[in-house]
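Undergrad: Sequence and predicted structure are below.
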Amino acid sequence: MVVAALLLDLLLGDPPNRYHPVAWMGVAMNTALHQAPRHGDIARLAYGAFVALGGTLFVAWLGHLVARGIARLPSPWRQLVAAIALKTTFSLRGLVRAATQVQQALEHNDLERARRLLAWHLVSRETASLDASLVAAAAIESVAENASDSVVAPLLYYAVGGLPAAIAYRFANTADAMLGYRDAEREWLGKGAARLDDVLNWLPARLTALLLVIAARLLGEDAPRAWHTWRRDARLTSSPNAGHPMAAAAGALGIVLEKTGHYRLGADLALPKPRDIGRAVRLLQVAVALMVLLVWPLSAGLNRVRPRVRCAQNLTTRQY
């Protein structure tokens, strides 16, 4: 199912927003934002936490209903619809395309276009003053971080909890992306979403960093330096998770990844060049392939365990 979903993503990309569940989640977040209390930090904190956690649980329940409906379909429609549903929880092709467009603009010395593409598709930071090296760095940072958020984490949660868990993760991550800012409007409103996203991404971020180290070895990049930079610099970012895949990527590629005034990962390494974006994309692709190889036995093993757990629960119920 994971392989089928990835093939759909690579062949077709994302559906139009009016058909995309993540776009629907964004609309729901906007509606929630407009209905939020206007005064009182505690009230806004409680409201934001309720939206993030309650919305995640509600979406998980909807995912459970969708999964039950899919299970009733005849084969091969069941497999096709399940693959389509899983595909909506991650985006590999879109991430690769966005990074590649920035690389091509830089290679054609069109810095203004590279800045615009970076701001439109990959980062929320101000890009108008970034030089070519910082634009390349920001693109590579986004590739590394989104390797976790946009691909590894949804696939991991799918392996552990099926479609409901993958969809629930995507809602929580979307809530953080829209509410988890430290501006005047969302400082208190987004704290709950940010903390929930931190918890859900704790394992995926570290797993992604490890996969990037292994990918570096397979691609002939510097895996020992990737490991060293990961362990040394991962905690330099304000996020408890984002620094892990970014630091591993910095070490693997031998480049410094800097967000001016915030962090500098791999400070002793070279400044990134446009071609390093392509190298980061190749790291991403191999890491995703490794993740598929991991998800396959993990999902199969959990599927074998669950019936035994239910059987043991039924025996316990009958005994008592």
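TA: In hand now; what should we look at? A quick note: this is a predicted structure, and the numbers were derived from the prediction, not measured.

Undergrad: Name the nearest residue to residue 114, sequence neighbours excluded.
TA: Residue nearest to residue 114 in three dimensions, not counting chain neighbours: residue 105, with 3.8 Å by CB to CB, 6 or more residues apart in numbering. Just so you know, the C-beta spots here come from the backbone N, C-alpha and C atoms, and that holds for glycine as well.

Undergrad: now what about the helix or strand containing the one you found, what contacts it?
TA: Following DSSP states H and E, the helix or strand that holds residue 105 is helix 93-107. Counting by CB atoms under 8 Å, 6 or more residues apart in numbering, the neighbours of helix 93-107 from elsewhere in the structure are 9-10, 13-14, 111, 113-114, 117-118, 121-122, 132, 135-136, 139-140, 142-143, 146-147, 150-151, 274-275, 277-278, 280-281, 284-285.

Undergrad: at 7 Å instead, please
TA: For helix 93-107, contacts defined as CB atoms under 7 Å, 6 or more residues apart in numbering pick out 9-10, 13-14, 113-114, 117-118, 121-122, 132, 135-136, 139, 143, 146, 150, 274, 277-278, 281.

Undergrad: again, but for stretch 224-235
TA: Contacts with stretch 224-235, where a contact means CB under 7 Å, 6+ apart, come from 209, 212-213, 216, 243-244, 247-248, 250-252, 254, 265-266.

Undergrad: can you list these in JSON lines and add pLDDT?
TA: As requested, the contacts of stretch 224-235 are arranged in JSON lines below (pLDDT from 0 to 100):
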{"residue": "209", "pLDDT": "97"}
{"residue": "212", "pLDDT": "97"}
{"residue": "213", "pLDDT": "97"}
{"residue": "216", "pLDDT": "97"}
{"residue": "243", "pLDDT": "96"}
{"residue": "244", "pLDDT": "97"}
{"residue": "247", "pLDDT": "97"}
{"residue": "248", "pLDDT": "97"}
{"residue": "250", "pLDDT": "97"}
{"residue": "251", "pLDDT": "97"}
{"residue": "252", "pLDDT": "97"}
{"residue": "254", "pLDDT": "97"}
{"residue": "265", "pLDDT": "96"}
{"residue": "266", "pLDDT": "95"}
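
Undergrad: Just to be sure, which of these are found in helices?
TA: Restricting the contacts of stretch 224-235 to those inside helices, with DSSP state H as the criterion, leaves 209, 212-213, 216, 243-244, 247-248, 250-252.

Undergrad: between those residues, which has the most around it?
TA: Neighbour tally across the ones in helices among the contacts of stretch 224-235 (other CB atoms under 10 Å): the maximum, 37 neighbours, falls on residue 248.

Undergrad: Hmm, it is touching residue 214, no?
TA: No: look at residue 248 against residue 214 with CB atoms under 7 Å: they stay out of range, at 10.0 Å.

Undergrad: if you average pLDDT over the host helix or strand of residue 117, what comes out?
TA: Counting by DSSP H and E, the element that carries residue 117 is helix 111-121. Summarised as a single mean, pLDDT over helix 111-121 is 94.

Undergrad: before we move on, what about stretch 70-88?
TA: Summarised as a single mean, pLDDT over stretch 70-88 is 91.

Undergrad: Quick one: end-to-end distance for that stretch.
TA: 15 Å (CA to CA, to the nearest Å).

Undergrad: likewise stretch 145-159?
TA: Termini of stretch 145-159 sit 20 Å apart (CA to CA).

Undergrad: What lies in contact with that stretch?
TA: If you take CB under 7 Å, 6+ apart as the criterion, stretch 145-159 is touched by 2, 86, 89-92, 95, 165-166, 169-170, 173, 201, 204-205, 207-208, 211, 242, 245-246, 284, 287-288, 291, 295, 298-299, 302.

Undergrad: So how do I select the buried members of these in ChimeraX?
TA: Isolation of the buried members of the contacts of stretch 145-159 (16 or more other CB atoms under 10 Å) is achieved in ChimeraX through the command below:
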select :2,86,89,90,91,92,95,165,166,169,170,173,201,204,205,207,208,211,242,245,246,284,287,288,291,295,298,299
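
Undergrad: which regions of this protein lie under the pLDDT threshold?
TA: Applying pLDDT under 70 to the chain flags residues 184, 299-320.

Undergrad: quick one, helices of the chain?
TA: Under the criterion DSSP H, the chain contains helices at 2-12, 21-34, 41-71, 77-87, 93-107, 111-121, 132-146, 153-179, 191-219, 223-233, 243-253, 274-319.

Undergrad: Farthest pair within the ones in helices among the contacts of stretch 224-235?
TA: Greatest spatial distance in those: 216 and 243, 17.1 Å, computed using CB to CB.
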